[in-house]
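> here you go, sequence then predicted model.
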Amino acid sequence: MIGGTRARPRARCPRPALAALVTAVVVACAPAPTVRVEPGSNLPAHDPGLAAAGPSVVRSTEGRLESAYGCVLRYEVHEPAVADPASTAATVVLAHGFLRDLRSVRGWAAHLASHGVRTAVVSFCNATPFDGRHGRNAEDLTALARVVAPGDAPVVYAGFSAGGLAAYLAAASDPRAVAYLGLDAVDSGGLARSVAPIAVPALFLVAEPSRCNAGGNFVPLAQDLPTARVIRVTHATHCDFENPTGAACERLCGRVEPPAAAEAIRAAVRSLATAWALELARDP
């Protein structure tokens, strides 16, 4: 008894469970190895015109949208400042990775818009550190598409990492989807396999297999799709598909050295993604 109150027994974690948890955290947080590209190694080719910013001045607008699950999504639309009001080009709706937000893909939106491709990015609000809630994120993407591309306007769904999974699920459910772009997309719990295969043209740009893309676990599904192309970018890490990325991603998922090689790899990713967006999102 303490002060007339019975002391509560201290809660204890079972030692094996605690040890497993600590091991998992240590493994997940251990710095990833640096990818060193030796002089003379072949680097992926790129188109300088598509890797650099395009000629259009970009206008950005912000908005908020309530999710069907009660939280509020923040989104941005990036588009050419001088747009053709009669255009029937598709809007790209692009999703960020697990526990990130739209700031980690804003660079993609600005880059694509500078090349004339209207692009919307969103900050998901349903995910938690323990549950990505990818199905809810997919529903939020299609809800956003109805706002930024109303009526029967065409949509290209795109996403990085877990956002690539949400975008895939959205493309599978939205009849207005005309194409899909996966930026080192990562499946979770077989969700991508649980829906009918997408029938629209799809491009999967993938990094070398690593823990951050679950060993490239989206690749087998992508290779089974008759409408898909899969391109592995040599030497690339998971972070090379985020735009902009940062030190936190590179610590967990690795980075390429020297910097010139890293930029060549990211330029190749930008070239391929931009070419795809221009081909599939442009006026028919």
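Cool, the structure landed.

> what about Pro259, neighbour count?
Residues lying near Pro259 (other CB atoms under 10 Å) number 9. C-beta here means a position set from N, CA and C on the backbone, and glycine is covered the same way.

> no, scratch that, I was asking about Gly151
Around Gly151 there are 6 residues (other CB under 10 Å).

> if I look at it, how far off is Ala95?
22 Å (CB to CB, to the nearest Å).

> now do Val58
Per CB to CB, Val58 is found 20 Å from Ala95.

> looking at the two, which is more packed in?
Ala95 (33 against 19).

> ok, which stretches of the stretch 151-284 of the chain are strands?
Along the stretch 151-284 of the chain, counting by DSSP state E, counting those that start in this stretch, strands occupy 155-160, 177-183, 202-206, 228-232, 256-257.

> got the contact list for the shortest one?
So the one you mean is strand 256-257. Residues from elsewhere that reach strand 256-257, judged by CB atoms under 8 Å, 6 or more residues apart in numbering: 34-37, 235-237, 240, 262, 265.

> please indicate which of those residues are buried?
35, 37, 235-237, 240, 262, 265 (16 or more other CB atoms under 10 Å).

> just how off-centre is the longest helix along the chain within its chain?
Ranked by residue count, the top helix of the chain under DSSP state H comes out as helix 259-281. Relative to its parent chain, helix 259-281 has a centroid offset of 14 Å by CA atoms, centre = their mean, to the nearest Å.

> ok, Ala143 - contacts?
With CB under 8 Å, 6+ apart, Ala143 has these contacts: 65, 67-68.

> just Ala170 next, same as before
Contacts of Ala170 (CB under 8 Å, 6+ apart): 93, 138-139, 141-142, 145, 157, 177.

> most neighbours, which of these?
Highest count within the contacts of Ala170 by other CB under 10 Å belongs to Tyr157, 34 neighbours.

> got the contact list for it?
92-93, 95, 141, 145, 167-168, 170-171, 174, 177, 179-181 are the contacts of Tyr157 under CB under 8 Å, 6+ apart.

> out of the residues you listed, which sit inside helices?
Short answer: the contacts of Tyr157 in helices (DSSP H) are 141, 145, 167-168, 170-171.

> closest one to Ala248 out of those residues, please.
Closest approach to Ala248 among those (CB to CB): Ala167, at 22.3 Å.

> next, count neighbours for the residue lying closest to the closest one once chain neighbours are set aside.
Distances taken as CB to CB, 6 or more residues apart in numbering place Gly159 nearest to Ala167, at 3.4 Å, with adjacent residues excluded. Neighbour count for Gly159, taken as other CB under 10 Å: 33.

> quick check: Gly159 vs Arg100, distance?
In terms of CB to CB, Gly159 sits 11 Å off from Arg100.

> and the closest residue in space to Ala222 that isn't next to it in sequence, what pLDDT?
Spatial nearest neighbour of Ala222, excluding adjacent residues (CB to CB, 6+ apart): Phe204 at 4.3 Å. Looking at Phe204, its pLDDT is 98.

> next: the one 10 residues further on.
Model confidence at Ala214, given as pLDDT, is 97.

> who touches the residue nearest to it when sequence neighbours are not counted in this structure?
Using CB to CB, 6+ apart and skipping the chain neighbours, the partner closest in space to Ala214 is Val186 (5.2 Å). Val186 makes contact with 98, 161-162, 164-165, 212-214, 217-218, according to CB under 8 Å, 6+ apart.

> also Arg59?
Arg59 is in contact with 78-81, 113, counting by CB under 8 Å, 6+ apart.

> could you rerun that using 7 Å?
79, 81 (CB atoms under 7 Å, 6 or more residues apart in numbering).

> and the helix or strand hosting it, what's buried?
Taking DSSP states H and E as the definition, Arg59 sits inside strand 58-66. Neighbour counts over strand 58-66 (16+ other CB under 10 Å) mark 58, 65 as buried.

> and the ones in helices among the contacts of Tyr157, which is closest to Thr88?
Within these, the smallest distance to Thr88 is 15.4 Å, found for Ala145 (CB to CB).

> could you measure from that closest one over to Ala158?
12 Å.

> next: Ser67.
Counting by CB to CB - Ser67 and Ala158 are separated by 20 Å.

> okay, the two: which has more neighbours?
Neighbours per residue, other CB under 10 Å: of Ser67 and Ala158, the larger number sits with Ala158, 32 against 17.
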